[in-house]
Each structure stands twice: as structure tokens, then as C-alpha cells.
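A.B. asks: no sequence on this one, just coordinates:
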Ligand SMILES: O=P(O)(O)OC[C@H]1O[C@H](OP(=O)(O)OP(=O)(O)O)[C@H](O)[C@@H]1O
Ligand SMILES: O=c1cc[nH]c(=O)[nH]1
């Protein structure tokens, strides 16, 4: 696994690489569907679903209520309703997030998904894996591995033209 300097991450090139991986990985999958984690994962999921002709089977999860730090942090200002308009039971769900770090968001998302039904399989796609996991979580599809200094965060942004951009910010407490 080679690590890419976080200042060199080209979000559009990474998106194209992730799309290729996901296309190959979902070929022949049983009842495939795509679910993005609000907010960056949802932008990615919507674009992947459009590019794969799967917009009818694309949903969004807001894991705020399922986070293990919910009691401490409460709800963020921009909480959005979860929206899954297809049958999760028996489906192959591609869970999509922008940045994979501690793994706690993925854990919360899997917990929430099971409230909608029992999927046949869940696969995880992340645009960037920054390592330093705190839970045993691994992505099936990753466009880039990097390391970011403590106290900093990678943030995905989407422009009005739907193009992606990754920036490095100081992490909010
Ligand atoms: O692996 P973890 O340590 O859980 O971190 C990864 C999560 O952190 C970010 O979400 P955040 O909660 O900051 O919300 P956002 O997507 O709206 O920025 C990111 O979008 C991932 O969902
Ligand atoms: O670097 C990070 C870590 C967690 N979540 C992000 O969006 N970026």
C-alpha cells in the first residue's frame, strides 16, 4: 500500500478510480444498491449511482443518532433525514463514505442499516483512507491511502458543477 501526500490528493481523479473499482466490484452482485453517509459520502453515492445507472437504488444515511459520541456531542446543526427508498433485506449494499478514519462512522452506519432490514452483504467504499482505525473496519474499495497530522482533517467539498475537491482543515473540537 503506497501512501499519497494529502496535499497531492486530486478528488476528481480519485473519484474516477473509485468508480472503476466499484463498477467491477458490483458486477453480478445480487440486488445491488448504494447508500451514502451524509454528507460527503452521500454526494459520492449519488454520483456513483448516476454513473452506474443505479439512481433508483440509491439512499442516504445520517448516522447522527447512532454515533457512540451522540450523548456527549449531541446533534450537529445540519442533521438530515435518512432516506432509503428500497428494500434493504437481501440486498447487496455498497456503503459509501468520503474519508475513512477511526471507523466509528462506519460502525454507526452498519447499525442503522440493520434497522431497515438484513442485507445479504455490505461492502464499503471510501474515497480516502487516512488510517489510524479504532475499530476493526476495512474498506473493500479505496481510491487512496494517506496520513494526516493529528488535529487536521480532510474535508470533501462539492461545487455547483458537482465536481469534488479535498482540502485539509484544522479539526473542530
Ligand atoms: O472514520 P471516522 O473517524 O468515523 O471518520 C469518518 C467520517 O468523518 C466525516 O464525517 P463527519 O462526521 O465529520 O461529517 P461530514 O461528512 O458531514 O463532514 C467523514 O465524512 C466520515 O463520515
Ligand atoms: O480527516 C478526516 C477525519 C474524519 N473525517 C473527515 O472528514 N476527515
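C.D. replies: Good, I have the coordinates. Quick caveat, the model's predicted, so the values are computed rather than measured. Ligands and ions are numbered 1, 2, ... in the order given.

A.B. asks: And stretch 164-173, what's buried?
C.D. replies: 164, 166 (16 or more other C-beta atoms under 10 Å). In this view, the C-beta of every residue, glycine as well, is placed from N, C-alpha and C.

A.B. asks: got a list of contacts for it?
C.D. replies: 6-7, 9, 11-12, 14-15, 43-44, 127-128, 148, 151-159 (C-beta atoms under 8 Å, 6 or more residues apart in numbering).

A.B. asks: And residue 169, how close does it get to residue 67?
C.D. replies: Per C-beta to C-beta, to the nearest Å, residue 169 is found 20 Å from residue 67.

A.B. asks: thinking again about what came up before, please, a PyMOL command that selects the buried ones among the contacts of stretch 164-173?
C.D. replies: A single PyMOL command is used to select the members of the contacts of stretch 164-173 judged buried by 16+ other C-beta under 10 Å:
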select buried, resi 6+9+11+14+15+43+44+127+128+148+154+156+158
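
A.B. asks: where along the protein do the strands fall?
C.D. replies: 32-37, 58-61, 92-100, 121-129, 141-145, 152-158, 164-170 (DSSP state E).

A.B. asks: Switch these over to TSV; also include mean pLDDT and distance to ligand 1.
C.D. replies: TSV is the format used below for the strands of the chain (pLDDT from 0 to 100; distance: least, C-beta to the nearest ligand atom, whole Å):
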stretch	mean pLDDT	distance to ligand 1
strand 32-37	98	5
strand 58-61	98	10
strand 92-100	98	4
strand 121-129	98	8
strand 141-145	98	13
strand 152-158	97	6
strand 164-170	96	10
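
A.B. asks: Tell me which of those lies nearest to residue 85.
C.D. replies: strand 58-61 (6.3 Å; C-beta to C-beta).

A.B. asks: can you give me the offset of the closest one from its chain's centre?
C.D. replies: 10 Å (C-alpha atoms, centre = their mean, to the nearest Å).

A.B. asks: Same question for stretch 112-131.
C.D. replies: Distance, centroid of stretch 112-131 to centroid of chain: 8 Å (C-alpha atoms, centre = their mean).

A.B. asks: Would you mark the buried spots in it?
C.D. replies: Result for stretch 112-131 [16+ other C-beta under 10 Å]: buried residues 112-113, 116, 119, 122-130.

A.B. asks: That one: end-to-end distance?
C.D. replies: End-to-end distance for stretch 112-131: 23 Å, by C-alpha to C-alpha, to the nearest Å.

A.B. asks: Could you see whether ligand 2 lies near it?
C.D. replies: Yes. Counting by C-beta under 6 Å from any ligand atom, ligand 2 has neighbours in stretch 112-131: residue 130.

A.B. asks: if we can go back for a sec, go through the strands of the chain and name the closest to residue 24.
C.D. replies: strand 141-145 (9.0 Å).
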